[in-house]
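Undergrad: my questions concern the predicted model and sequence given below.
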Amino acid sequence: MEPSDFNPNLADRIKARQRNRSTIVSTAAPTPDLSSPAKTQSKTSKSAAGVKAKASKQQPPAKPVTATKPAASTPPATRPSPTKARAVKAITTKRKAPTEIDHNTSKRAKSISEESPLTDPDVDTPPARLQQPTPEATPGDAPAQNDRVATVDADQIYATEVLKVLHKRLDIKTNDIGRRQAQRVGDLLRRAEPATTSDILRLTSAEAGAMLSARQPHDRPILVEGAQPLPLQTLDRFLDECYDNTATVSVQDPNAKLRRGAQAVKEVSVATLKARFRASPDDYPWNCLELACPFEDGLRPSFLNNEDCRLLTKLKFPLSINALSRHSYPDGYKEVEKWSLLAQAGALTEPHQDSHGYSTYITVNQGEVGFAWISLPDVEERKAWVRNPQFHTSDRWRYVVLRPGDTVAFPCGTVHSVFRLPSAGPSLCFGGHFLRCSGLVPWVKTLLEEQANTCITNEDITASAPGYLDRVEKFVRQALKQGVSLERWGGQEAIDEFLRSKKVFMK
């Protein structure tokens, strides 16, 4: 596609696609042969009664035929029979639901596009990767496929709009964290493509739960709708339930200067945080990191509620005490199984992987969040990332836009980034980390990568990772001694490889 052909208005493209499907249906239906001048002349010489009689006999079966341009010598069209009219009406009724789905999606995408800086004629043309057309639907496609195509289109518009905002930010010469964020996230979005079925598993909650319960490995993110048991929460309600205004929280401030020893994270009071979110947004949106949750239950997605995904819960038990009665958490441990993410409109998160080899889930409750990751990296790509995470580039970046009710769960070691559109408003997400009993080998390999270069993670692992490994070693050695439940830990070969890698980590 040439840059001049790019049209950010998704609604027009979807309507054009619907017209194409209608045209295909109409050309497949049998129509009277009007191409011969001799036949046309013969028909016009008959009486009106004869024409009606012959037309009635040659009338094809009732089908939803759209209007086509008639030839110059076409005789007047006959009135369709009552039977045909009823058939056409019935077929139109059956197709009403998919049409409404497409129309609603088109309206939503059109409203996004109208607010977009892309509509400004002074804005440069987006990069070629974001101009790629989506696959055209065929007349036989199911409504679910049409919805996926529309979602990909909307995600492309969202990413393109974010990229345009980042270009404008970079026009302002500053020396702060925000400029570095805009450079890094902008670079990956220029290379990124919308995720396809080979990059992400779009499953129902039941399908995802069945896969994980069966200890099946997954090397790509899982995307599920409606998996949070707790009803979706709002940002206002969340802040209202933060009762202690004097408590402190950690926020990432993009206005922090880029200089040696400077910290991008600072501590502010809850009162300051509330005032910041009530005020009008500016060019330096705050990103609040892993706040405590005011909700005790209902945040963990239902598909993660199985034995294989509860290993991290069991690692809370102190090694020095054998009893299973209630204890305080050991030194170096903090609550990581559930937390809250608050971000102002337009906040960015630079590429990183989560610490301690954690797998992670994130559920959007309010707002829209762009989630990008390096999809299915090979061994060489992983090595390149570990060597130089700050300047690593990749053509494997993929993205989706998460909307309220969407949960993404991604495996340990996933290199990811987060971007938000300023016009989409602030966002509230709940998330947490988890470990899988059957995933010991990829977990300990990720820990070795993080040990080799601490810059690839967002947190120090020296305090609690050794304790985690010791605890798991105790579990698997007991299983080996008893000779049972080895499959719980991935089997004999996986256990042996875990124990060898653990020795390397502890040296």
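TA: All right, it came through fine. Keep in mind that what you see is a predicted model, and the values were worked out from it rather than measured.
Undergrad: thinking Glu459 is in contact with Ser355, fair?
TA: Yes. Using C-beta atoms under 8 Å, Glu459 is in contact with Ser355, at 3.8 Å. Any C-beta I mention is one placed from the backbone N, CA and C, and that applies to glycine too.
Undergrad: just want to know which of those two has more residues nearby.
TA: With neighbours defined as other C-beta atoms under 10 Å, Glu459 and Ser355 compare such that Ser355 has more, 20 against 17.
Undergrad: can you pull the contacts of the more buried one?
TA: Neighbour list for Ser355: 450, 457-461 [criterion: C-beta atoms under 8 Å, 6 or more residues apart in numbering].
Undergrad: out of those, the closest to Ala247 would be?
TA: Of all the contacts of Ser355, Ala247 sits closest to Glu459, with 20.9 Å by C-beta to C-beta.
Undergrad: now do the SS call for the closest one.
TA: With DSSP: H, G, I helix; E, B strand; the rest coil as the basis, Glu459 sits in coil.
Undergrad: please tell me how far it sits from Val336.
TA: 9 Å (C-beta to C-beta, to the nearest Å).
Undergrad: shared neighbours, those two?
TA: The contact sets of Glu459 and Val336 overlap at His356 (C-beta under 8 Å, 6+ apart).
Undergrad: let me know the pLDDT of Ala150.
TA: Looking at Ala150, its pLDDT reads 83.
Undergrad: show me where pLDDT drops low in the protein?
TA: Within the chain, the segments meeting pLDDT under 70 span 1-145, 261-263, 317-334, 458.
Undergrad: 50 instead?
TA: Along the chain, the parts satisfying pLDDT under 50 run over 1-8, 10-11, 14, 22-140, 320-329, 331-332.
Undergrad: what comes up buried for the longest helix seen in it?
TA: Longest helix in the chain, counting residues (DSSP state H): helix 143-170. Within helix 143-170, the residues scored as buried using 16 or more other C-beta atoms under 10 Å are 146, 148-167, 169.
Undergrad: same question, stretch 367-379
TA: Neighbour-count burial for stretch 367-379 [16+ other C-beta under 10 Å]: 367-375, 377.
Undergrad: what does stretch 459-475 give?
TA: Result for stretch 459-475 [16+ other C-beta under 10 Å]: buried residues 459, 461, 464-465, 467-469, 471-473, 475.
Undergrad: alpha carbons only: can I get it in PDB?
TA: C-alpha atoms of stretch 459-475 as PDB (Å, rounded to 0.1, in the frame of the first residue of the first chain):
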ATOM      1  CA  GLU A 459      13.400  -5.500  40.300                       C
ATOM      2  CA  ASP A 460      16.300  -7.000  42.300                       C
ATOM      3  CA  ILE A 461      16.200 -10.800  42.600                       C
ATOM      4  CA  THR A 462      19.000 -11.400  45.100                       C
ATOM      5  CA  ALA A 463      16.700 -11.100  48.200                       C
ATOM      6  CA  SER A 464      14.100 -13.800  47.500                       C
ATOM      7  CA  ALA A 465      15.100 -15.900  44.500                       C
ATOM      8  CA  PRO A 466      17.600 -18.100  46.400                       C
ATOM      9  CA  GLY A 467      14.900 -18.900  49.000                       C
ATOM     10  CA  TYR A 468      12.400 -19.700  46.200                       C
ATOM     11  CA  LEU A 469      14.900 -22.200  44.700                       C
ATOM     12  CA  ASP A 470      15.700 -23.800  48.000                       C
ATOM     13  CA  ARG A 471      12.000 -24.400  48.800                       C
ATOM     14  CA  VAL A 472      11.300 -25.900  45.300                       C
ATOM     15  CA  GLU A 473      14.300 -28.100  45.600                       C
ATOM     16  CA  LYS A 474      12.900 -29.500  48.900                       C
ATOM     17  CA  PHE A 475       9.600 -30.200  47.100                       C
END
